[in-house]
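1. A structural model of the following input is requested.
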Amino acid sequence: MDTPNKTNTQRLLTAVVALQVVTLLSSWTGNSTIKPAVGADIPDPGSRQMQMIDELKQLNSKLGRLNDFLESGHLKVVVPDPAQKK
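-> Predicted structure coming up:
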């Protein structure tokens, strides 16, 4: 005798197997509804390198200005006397 619970389980398993067969057939025939995102996550290496070169040029410019300032002698370092604070 089939109980209602056993019948429902058999129907559910049959549906799962049928969906798996449909998925397998669609992947074999190439009619998949899921299309891969071509180039969605692939960065452009040439563009990244040009951006890095531009940033390095800006960094070299800033470092050059800092070097010129240090060599000019206008930098004054003041160290507070800890005895005067107390």
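2. going forward, measure contacts between C-alpha atoms and count neighbours the same way
-> Noted.
3. This protein: helices as residue ranges?
-> In the chain, the helices defined using DSSP state H lie at 4-29, 45-72, 82-85.
4. Show me which residues of the longest one are buried.
-> Residues of helix 45-72 classed as buried under the neighbour-count rule (16 or more other Cα atoms under 10 Å) do not occur.
5. from now on call the first residue 143
-> Noted, 143 is the first residue going forward, which turns the last one into helix 187-214.
6. which helices and strands sit right next to it?
-> When contacts are defined as 3 or more Cα pairs under 8 Å, 6 or more residues apart in numbering; DSSP states H and E, helix 187-214 packs onto no helix or strand at all.
7. What is the distance between that helix and the centre of its chain?
-> 26 Å (Cα atoms, centre = their mean, to the nearest Å).
8. mind putting the helices of the chain in a markdown table, mean pLDDT included?
-> Formatted as a markdown table, those follow (pLDDT from 0 to 100):
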| stretch | mean pLDDT |
| --- | --- |
| helix 146-171 | 86 |
| helix 187-214 | 94 |
| helix 224-227 | 78 |
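9. Tell me, how many residues neighbour residue 165?
-> Neighbour count for residue 165, taken as other Cα atoms under 10 Å: 14.
10. Quick check: it vs residue 155, distance?
-> In this view, residue 165 and residue 155 are 15 Å apart by Cα to Cα, to the nearest Å.
11. what do you get for residue 186?
-> In terms of Cα to Cα, residue 186 sits 46 Å off from residue 155.
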